[in-house]
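Please work out how this folds:
(chains A, B and C)
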Amino acid sequence: MPELPEIEIVKRSLFKMINKAKIIDIKINNKNLRYKIPNTFSKNLIGEKILRISRRSKYLIFHFKKKLLLAHLGMSGKLLLMRSCDNTIFKTSFYYDLNILRNHNHIYFILNNGLVLIYNDVRRFGFFKLYNTTQLNKIIFLKKLGLEPFNRTFGVKYFKKFVQNRKKNIKNLLMDQTFVSGLGNIYVNEALYMSKIKPLRICKSLNKNEMKNLIFNIKKILKFSISKGGSSVRDFQNTLGKSGTFQQFFHVYGQKNKNCSRISCKGKIKKITISNRSSFYCNRCQI
DNA sequence: TTCTTTGTTCCGGA
DNA sequence: GTCCGGAACAAAGA
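Numbers count the residues shown, from 1 in each chain, chains lettered A, B, ... in the order given. Below is the predicted model:
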């Protein structure tokens, strides 16, 4: 379930291993990802050198001389690197001890540095889209996004202005990618717990201190998770097949019926559904 | 067999 | 026109 920290981890491991590599071949096993991969995809990418890899929200961007490749991992997408052995790479010479089903390997990018970048996605909700431009502001997916959480402008002033006349609850506001981009269900639940705010609170009702604290905690929790290699709940693994450990630090997500981890609090963690998504909160310290 | 899970888009109602 | 949230999407595990 890749959210911002997980994508950041993937970006960093990719950068180390394949930045400046050239794509020399592409094999597509399944075109039917969230958007169908066009027939021209391989032809337009073969021969291109990866000049830079960046991240915006939960999107990965591969930069080429005159093109951009936008990638989204959806819910279960994984990018894996494998070492190729000469000319038999598609038969037997991939080696991996990961618990990953090979028939969910949808795309193989063969690189000139002896590595193969594999896109694996059980649910096929992820996508790749190639653009004939190097300008990020031409990409509609990115244009719609709100501020990055680490942006300095993401503060109380921005929050106040955005929630004016809004009736949304705070959980849904934080999930709204046009408000702040990169958070998903896990980090929203955890950030609200840290901030002692109940997920059902109407966003307008937060006072200035609560807003300030919540914004601070969002930045803090994302940074901490990145430092732990992200969370490995269900499907997430980084590009080298390593799992993150942030899930060891969850206080509410998946903790239904457990005692609140705040020493002075005698509350219990409740699970409710908000907009078809599970929400977890302490019934005592989150107000 | 049914429910749950994930992020995003689409669509209908207020 | 704007805002909001439910449904849909794929697939697997409980």
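
Averaged pLDDT, the helix or strand harbouring residue A:272. What do you get?
Using DSSP states H and E, residue A:272 maps to strand A:269-274. The average of the pLDDT scores along strand A:269-274 is 90.

what do you get for stretch A:6-13?
86.

what's the helix or strand for residue A:108?
Applying DSSP H and E, one finds residue A:108 within strand A:105-111.

Check which element follows that strand along the chain.
Defined by DSSP H and E, the subsequent element after strand A:105-111 is strand A:115-121.

Give the buried residues for the strand holding residue A:272.
Within strand A:269-274, the residues that count as buried by 16 or more other Cβ atoms under 10 Å are A:269, A:270, A:274. Glycine gets a C-beta too; all of them are placed from N, C-alpha and C.

now swap in stretch A:279-287 and tell me
Residues A:279, A:280, A:281, A:282, A:284, A:285, A:286 are the ones in stretch A:279-287 that count as buried (16+ other Cβ under 10 Å).

mind putting those residues in CSV, pLDDT, secondary structure and distance to residue A:181 included?
Shown next, in CSV, are the buried residues of stretch A:279-287 (pLDDT from 0 to 100; DSSP: H, G, I helix; E, B strand; the rest coil; distance: Cβ to Cβ, whole Å):
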residue, pLDDT, secondary structure, distance to residue A:181
A:279, 91, strand, 20
A:280, 92, strand, 22
A:281, 93, strand, 23
A:282, 93, strand, 27
A:284, 93, coil, 32
A:285, 94, coil, 28
A:286, 94, coil, 24
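
Check the residues you listed against DNA strand C and report the nearest one.
Closest approach between the buried residues of stretch A:279-287 and DNA strand C, by Cβ to the nearest atom of the strand: residue A:279, at 11.3 Å.

Who is the closest one paired with across the strands?
Beta-bridge pairing for residue A:279 (DSSP bridges): residue A:272.

residues contacting the residue of the stretch 51-200 of chain A found nearest DNA strand B?
The nearest approach of the stretch 51-200 of chain A to DNA strand B comes at residue A:184, 2.1 Å away (Cβ to the nearest atom of the strand). Applying Cβ atoms under 8 Å, 6 or more residues apart in numbering, we find residue A:184 in contact with A:1, A:3, A:4, A:58, A:175.

Give me every residue in the stretch 1-150 of chain A lying close to DNA strand C.
A:75, A:101, A:104, A:122, A:123, A:124, A:125 (Cβ under 7 Å from any atom of the strand).

and these, which are buried?
Buried by 16+ other Cβ under 10 Å: A:75, A:104, A:122, A:124, out of these.

For DNA strand C, see how far away the nearest residue to residue A:185 once chain neighbours are set aside is.
Nearest residue to residue A:185, sequence neighbours excluded (Cβ to Cβ, 6 or more residues apart in numbering): residue A:277, at 5.4 Å. Going from residue A:277 to DNA strand C by Cβ to the nearest atom of the strand, to the nearest Å gives 8 Å.
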